[in-house]
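Student: okay, sequence plus prediction incoming.
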Amino acid sequence: MNRKTPIDQPALDGQRRQLLAAGALSVGSLALPGALRSAFAQSPLVVGVIYVGPRGDFGYNQAQAQAAAAIKKLPGVKVVEEENVPETAAVQKTMEAMINQDKATLIFPTSFGYFDPHMLKVAEKYPKVRFAHCGGLWTEGKHPKNTGSYFGYIDECQYLAGIVAGYTSKTKKLGFIAAKPIPQVLRNINAFTMGARSVDPTITTRVIFTGEWSMPVKEAEAATSLIDQGVDVLTCHVDSPKVIVETAEKRGIYASGYHASQAALAPKGYLTGAEWDWATPYNIHVKAAQTGAPMPNFLRGGLKDGYVKMSPYGKPVGAAARAKADEVKAAMMKGTYVIFKGGLKDNKGSVVIPVGTNLEQFNPELEKMGYLVEGVIGSLPG
Amino acid sequence: MSTVSAAGSLPVAAAPAQLERLRGFAKSLVPAVAALGLTIALFSLAVALAGFDPLQVWSLIAQGGFGDAFAWQNTLQRAAPLLLTGLAVALPAQAGRVIIGAEGALVLGGLAASALGNVLADRHAGPGLVWPAMGLAGVLAGGVWIGIVGWLREKREVNETIASLLMSFIAIALFNQCVETVLRDPASLNKPSTRPLPDALMLPSMPGLDVHWGLGLGIVVALVAWAVMRLTPLGMAVRVAGGNPRAALGVGLPVGMLTIGACAAGGACAGLAGAVEVAAVHGAANGSLVAGYGYSGIMIAFAARFSPGGVIPVAILVGGIAASGSLLQRRLGLPDAAVTVLLGFAFVALIGCETLRGRSFTSRRAPHG
């Protein structure tokens, strides 16, 4: 079926209109092939965005949806979205449906598990469509050129959040609720703890792994249990921090957010948070697709590059905390700050980064992180 | 949806006996037609209240689920795993056992298939050996798992519905533990997985279709199960054991064996679904396998009134609604919950309208209906 996108119709709100327009086009095409061709050059870029959970989850998916909302405002861009798409054959069909039914030519499959095999398989089938995946998985020579990865060094924000937590905590006990003991999560736990301990080395972080990316019941239980142990600042790495931040607020302790801002959920106790700023890579991909530039296959950055950002400081954050966090942030913005420095010890006492070796943000060694640093109370399975 | 009009346009010049059978058939469709009407009315109302045009929504549902070749493949692909998980509930139900833990059998089936597939791949076995072996591994893992539930019920009087659900949680925990430790591929850093199957051992799509073999297998298994249940003494025995265990014992049927067997057969279907997911879709076993297919199967089996044959159209309908839900989100910005609401209405209407059955307005129905 040759259902082309209509020329300068700003929004298609219905199948009927689209068919009508297509009919008008095909009549027009008999008379004006040249005009038609130039008209197609202006047809909007259709961008498909796929979420693994609900768009309004106050977390991972919301961070992506905020970027989708940002590119929606760009001229010549039409965004189609689908939420709650599981990491199964369903996402393959969703991608294909976006390509076939909506004529999408740039797709953001935003969940980590969409990459292999789902996105790779569909990308092979549709070599002219661009697929930009959230994560750091794209490898030169191994993955198709019409695919790519974008990701951010959010541990920078977690480190800063740790500093703020370190200044704010009275019990010197912080809590971290984590989904799975994988390198990316461990890096956040470690950065948060190191940030806090840079303020006061007696601070400890208690960590609980829930085992699932989204398991609100367990997250609430973990939050309650940590608060009962005397923790007075909670943060997390799960898909939706909503229930954790709400629990912290209800119990009268502080919370530090993750993925997106949860300030609205905890007006009293929200300190700050580590947020993604996906509008940056989304804009880069949209621009490349619109101009026909080659696919930017590997995009990555931290605070300096605008891939991550901090939630604005909440009311409980004191002047000293702000000053210190801003100072370190300024160093990070200059690109001179190293979080994982030589001589770092894990929580069993062994040195995990040899003295004299500093691991810069982009160092692939950090992506294999398999330890919890000194000051973290918790252990890894296996 | 086309079945509705088919019932209305019956040939008139049939012999009396045939006519009687046709009338019986038409009458048996009454609950389904009523349910369909009720679903349409309820969902249209809900959609209208939410500020959308019901006509447009229904036309998108038809288009997204069944509108063209792509839509059909989309639908069938989504239906494929649901066929087997629907059977996983329907088969034990034939023997009077309400099993709702097919999810656990599915993930264990996938895990066993992946583990065995990798062992065989390391020994350079060809697909002709690997695929049946993986299927068998899935069947055994799932069959044993739900078989245990059947056994607990039979020998220990443990409620099989609750037990199967709890066993499902245990299975998923076991699955996660294996995937994250002993069976973990060290290269799977941020998404713990078993080692992936080599590309050459991945189960291809069905010929001429962009749908994996889960569909073909599911349909074949459903038809075989239907034939066994309807046409063989074994099926008869299972149904008697399920319908009236005392009578079954009275005529000397091995009720325990039959019910445990039906549970195991259901688990085997779910395990096979897991094996197909690994061999055809994921290549490895990981958290993505826990996708809720097992729980969707409960709804499908109930809507199919536990008929193994009925699972086929219901699974395809549910697959179609899922596929059209995808289009509804993209075109109208309807929330994903819209199709969940639709399925909920359909489910409640179907079960509710079942009460119409047997309260028919004329003669009594044949005993085997």
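Tutor: In hand now; what should we look at?

Student: buried residues in the longest helix along chain B, which are they?
Tutor: The helix that spans the most residues within chain B, counting by DSSP state H, is helix B:127-156. Judged by neighbour count using 16 or more other CB atoms under 10 Å in any protein chain shown, the buried positions of helix B:127-156 are B:127, B:130-131, B:133-154. C-beta: built from backbone N, CA, C; applies to glycine.

Student: ditto for stretch B:65-72
Tutor: B:65-67, B:70-72.

Student: and which of those is nearest to chain A?
Tutor: Nearest to chain A among those: B:F70, at 5.1 Å, using CB to the nearest CB.

Student: enumerate every residue touching that closest one.
Tutor: For B:F70, the contacting residues are A:96-97, A:100-101, by CB atoms under 8 Å, 6 or more residues apart in numbering or on different chains.

Student: could you do B:C263 as well?
Tutor: Here B:C263 is in contact with B:91-92, B:95, B:97, B:99, B:146-147, B:149-151, B:153, B:160 (CB under 8 Å, 6+ apart).

Student: quick check: it vs A:I99, distance?
Tutor: Using CB to CB, to the nearest Å, B:C263 is found at 43 Å from A:I99.

Student: swap in A:F108?
Tutor: Looking at A:F108 against A:I99, where the rule is CB to CB, the gap reads 13 Å.

Student: what's the answer for B:D53, then?
Tutor: Separation of B:D53 from A:I99 (CB to CB) stands at 26 Å.

Student: who's more crowded, these two?
Tutor: A:I99 (20 against 14; other CB atoms under 10 Å in any protein chain shown).

Student: just the pLDDT at that one, thanks.
Tutor: With respect to pLDDT, A:I99 has a value of 96.

Student: please tell me how far it sits from chain B.
Tutor: Distance from A:I99 to chain B, counting by CB to the nearest CB, to the nearest Å: 10 Å.

Student: pretty sure that residue is touching A:Y126, no?
Tutor: Yes: with contact defined as CB atoms under 8 Å, A:I99 counts as touching A:Y126 (5.6 Å).

Student: now the helices: where do they sit in the stretch 151-300 of chain B?
Tutor: Assigned by DSSP state H, counting those that start in this stretch, the helices in the stretch 151-300 of chain B fall at B:160-180, B:214-231, B:233-243, B:245-250, B:255-276, B:293-303.

Student: how about those, which one is nearest B:R23?
Tutor: Set against B:R23 and scored by CB to CB, those come closest in helix B:214-231, at 21.2 Å.

Student: buried ones in that closest one?
Tutor: For helix B:214-231, the buried set under the neighbour-count rule, 16+ other CB under 10 Å, comprises B:214-219, B:221-222, B:225-226, B:228-229.

Student: and what of stretch A:149-156?
Tutor: Buried residues in stretch A:149-156, counted by 16+ other CB under 10 Å: A:149-156.

Student: just the ones in strands from the residues you listed, please.
Tutor: Among the buried residues of stretch A:149-156, the members found in strands (DSSP state E) are A:149-152.

Student: most centrally placed residue in the chain?
Tutor: No chain in the question, so chain A it is. Centroid check for chain A by CA atoms, centre = their mean gives A:W276 as the closest residue, at 5.1 Å.

Student: chain B was what I was after
Tutor: Geometric centre of chain B, nearest residue: B:G86, 1.9 Å, by CA atoms, centre = their mean.

Student: state the mean pLDDT of the helix or strand harbouring that residue.
Tutor: If you go by DSSP states H and E, B:G86 is part of helix B:69-94. Averaged over helix B:69-94, pLDDT sits at 96.

Student: list the buried ones in it?
Tutor: B:70-94.

Student: tell me which element A:Y337 falls in.
Tutor: Going by DSSP H and E, A:Y337 is not in any helix or strand.

Student: ok, now how distant is it from chain B?
Tutor: 24 Å.

Student: ok, that residue - how many residues close by?
Tutor: Neighbour count for A:Y337, taken as other CB under 10 Å: 19.

Student: do the one 5 residues further on as well
Tutor: For A:G342, the number of neighbouring residues by other CB under 10 Å comes to 13.

Student: who's in contact with it?
Tutor: Going by CB under 8 Å, 6+ apart, A:G342 touches A:353-358.

Student: most neighbours of all those residues, which one?
Tutor: Using other CB under 10 Å as the neighbour test, these are led by A:I353, with 20 neighbours.

Student: and that one, what pLDDT?
Tutor: So, for A:I353, pLDDT stands at 95.

Student: and what of the one 10 residues further on?
Tutor: The confidence metric pLDDT takes the value 90 at A:N363.

Student: would you check that B:F306 makes contact with B:Q94?
Tutor: Yes: counting by CB under 8 Å, B:Q94 is a contact partner of B:F306 at 6.3 Å.

Student: dump the buried residues of stretch A:149-156 into a markdown table; add distance to B:V33 and pLDDT as well.
Tutor: Formatted as a markdown table, the buried residues of stretch A:149-156 follow (distance: CB to CB, whole Å; pLDDT from 0 to 100):
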| residue | distance to B:V33 | pLDDT |
| --- | --- | --- |
| A:S149 | 51 | 95 |
| A:Y150 | 51 | 96 |
| A:F151 | 53 | 95 |
| A:G152 | 55 | 96 |
| A:Y153 | 59 | 96 |
| A:I154 | 55 | 97 |
| A:D155 | 59 | 96 |
| A:E156 | 62 | 97 |
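
Student: which bits of the stretch 151-300 of chain B sit near chain A?
Tutor: Residues of the stretch 151-300 of chain B lying close to chain A (CB under 8 Å from any CB of the partner chain) are B:176-177, B:180-181, B:184, B:189-192, B:196, B:212, B:277, B:281-283, B:286-288, B:291-292.

Student: figure out how far stretch B:156-167 is from the centre of its chain.
Tutor: 20 Å (CA atoms, centre = their mean, to the nearest Å).

Student: okay, it in CSV with CA atoms only?
Tutor: The C-alpha coordinates for stretch B:156-167 follow below in CSV (Å, rounded to 0.1, in the frame of the first residue of the first chain):
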residue,chain,number,x,y,z
ARG,B,156,-1.7,-33.7,49.9
GLU,B,157,-4.9,-31.8,49.3
VAL,B,158,-3.0,-28.6,48.7
ASN,B,159,-5.2,-26.1,46.7
GLU,B,160,-3.8,-26.2,43.2
THR,B,161,-4.7,-22.7,42.3
ILE,B,162,-2.8,-21.1,45.1
ALA,B,163,0.0,-23.6,44.9
SER,B,164,0.5,-23.0,41.2
LEU,B,165,0.6,-19.3,41.8
LEU,B,166,3.1,-19.6,44.6
MET,B,167,5.1,-22.1,42.6
